[in-house]
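# Task: produce atomic coordinates for the following.
(one chain, ligands or ions: 1)
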Amino acid sequence: MSLLIEEVPPAAAPIELLLLADPSEEKVRAYLPASRCFVALNEGAVAGVCVVQQQQAGVHELMNIAVAPEQQKAGVGTRLLQWVIERYQAAGAQVLEVGTGSFGYQLTFYQRHGFRVAAIDRDFFVTNYDEPIVEEGIRLRDMLRLRIEYTR
Ligand SMILES: CC(C)(COP(=O)(O)OP(=O)(O)OC[C@H]1O[C@@H](n2cnc3c(N)ncnc32)[C@H](O)[C@@H]1OP(=O)(O)O)[C@@H](O)C(=O)NCCC(=O)NCCS
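Sure, this is the predicted structure:
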């Protein structure tokens, strides 16, 4: 796999990939313009994407990360997440946050990269989405707020 990660303008973000991580197109389109978008290109084709938004000085939130279904489980997501973590650390960030479901492989994916639970947003997925989100046969209700606090 020859993976190249580069920034693209938010307007060029691959929406269909972003919808894999967040089923609300309205929400995705709302946060995109004020965010930075990075894509992972495999042999020139978009294999993955992630979107990061600054929340306050030194605090950035990973709003979305997704890999094309046919390319998942091949290490693209790991490479992209590691790249973003290191890029923001190198740029002087203090905190990188992400919100995710309270169970499932995504949670371990983040924890393996050093994210730790900072808070629980109870009923986030019930309150903020019109349709129930079901993963592994379980309705997703609560969001875990995870963070990496960079130490220098
Ligand atoms: C989460 C995601 C970005 C990870 O990208 P990826 O390229 O598949 O990740 P990797 O191949 O680097 O694998 C990372 C780990 O996740 C696991 N994983 C990936 N997809 C999985 C799946 N569908 N089911 C179970 N485990 C999965 C891999 O087995 C691997 O675990 P390991 O380190 O123990 O081997 C990708 O699966 C995805 O786009 N999912 C849908 C969107 C989504 O849920 N985004 C996150 C929102 S919180």
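# anything in the worst-scoring helix or strand of the chain on mean pLDDT near the ligand?
Among the secondary structure pieces of the chain, namely its helices and strands, strand 134-135 has the lowest mean (mean pLDDT, DSSP states H and E), a mean of 93. No: using C-beta under 6 Å from any ligand atom as the criterion, no contacts between strand 134-135 and the ligand are found, and the smallest distance is 8.4 Å. In this view, the C-beta of every residue, glycine as well, is placed from N, C-alpha and C.
# Please enumerate residues in contact with that strand?
Contacts of strand 134-135 from elsewhere in the structure, counted by C-beta atoms under 8 Å, 6 or more residues apart in numbering, are 101, 103-104, 140.
# Throw these into a markdown table and include neighbour count, thanks.
Rendered in a markdown table, the data for the contacts of strand 134-135 read as follows (neighbours: other C-beta atoms under 10 Å):
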| residue | neighbour count |
| --- | --- |
| Gly101 | 19 |
| Phe103 | 14 |
| Gly104 | 13 |
| Leu140 | 19 |
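# can you map out the helices along this structure?
In the chain, the segments counted as helices under DSSP state H are 15-21, 25-31, 76-90, 105-112, 124-128.
# Same list, those, but as TSV with mean pLDDT and mean neighbour count please.
As requested, the helices of the chain are arranged in TSV below (pLDDT from 0 to 100; neighbours: other C-beta atoms under 10 Å):
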stretch	mean pLDDT	mean neighbour count
helix 15-21	97	17
helix 25-31	96	13
helix 76-90	98	17
helix 105-112	97	14
helix 124-128	95	14
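# Out of these, which is closest to the ligand?
Proximity to the ligand, assessed across these by C-beta to the nearest ligand atom, is greatest for helix 76-90 (2.0 Å).
# And the closest one, what does it pack against?
strand 3-8, strand 36-42, strand 45-56, strand 59-67, strand 95-101, helix 105-112 (3 or more C-beta pairs under 8 Å, 6 or more residues apart in numbering; DSSP states H and E).
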